[in-house]
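Undergrad: need a structure here:
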Amino acid sequence: MSARVVHFEVPFDDAERALGFYREVFDWQIQPMPEMGYNIVATGPAGDDGMPNEPGYIGGGMMQRLEHVATPVITLAVDDIDATLAEVEAHGGSTVEPKSAVGDMGFAAYFKDSEGNLMGLWQMAG
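TA: Okay, the predicted model is just below:
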């Protein structure tokens, strides 16, 4: 099973402080999505659709720190989240948050690997 790193998430305690920090220090372009409680982060060039358009560039998001998402998260793209979570569990990991829809874009889940690191999964809709 191949899974590319496609996204990252950075949790924060103070939105204004954190968003300002990354805008000012790293020149990240941050688009708030208040209806989702999320902020889309562009760390490089993006197309009209907001998606990265340069090889190797990965965008991300920032959101309020949660109990189960307290540290930065690397997100991997997979074809089937449910099958991947089954493999994770078969190899000593655990599901933290099962597959859930993200609007009509796709599905997300969180898991802990065999070392206790929190990671994310992404499955495109369709």
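
Undergrad: And the helices in the chain?
TA: Secondary structure of the chain, counting by DSSP state H: helices at 15-26, 81-90.

Undergrad: Let me know which of these is tucked in deepest.
TA: Compared across the helices of the chain, helix 81-90 shows the largest average neighbour count, a mean of 16 (mean count of other CB atoms under 10 Å). The C-beta positions use only the backbone N, C-alpha and C, and glycine is treated the same way.

Undergrad: How about the contacts made by Pro98?
TA: Residues near Pro98 by CB atoms under 8 Å, 6 or more residues apart in numbering: Leu85, Ala109.

Undergrad: how about a cut-off of 7 Å?
TA: Residues in contact with Pro98 (CB atoms under 7 Å, 6 or more residues apart in numbering) are Ala109.

Undergrad: Any buried residues in stretch 48-65, and which?
TA: Pro52, Ile58, Gly59, Gly60, Gly61, Met62, Met63 (16 or more other CB atoms under 10 Å).

Undergrad: before we move on, back to that, and His7, which of the helices of the chain is closest to it?
TA: helix 81-90 (13.7 Å; CB to CB).
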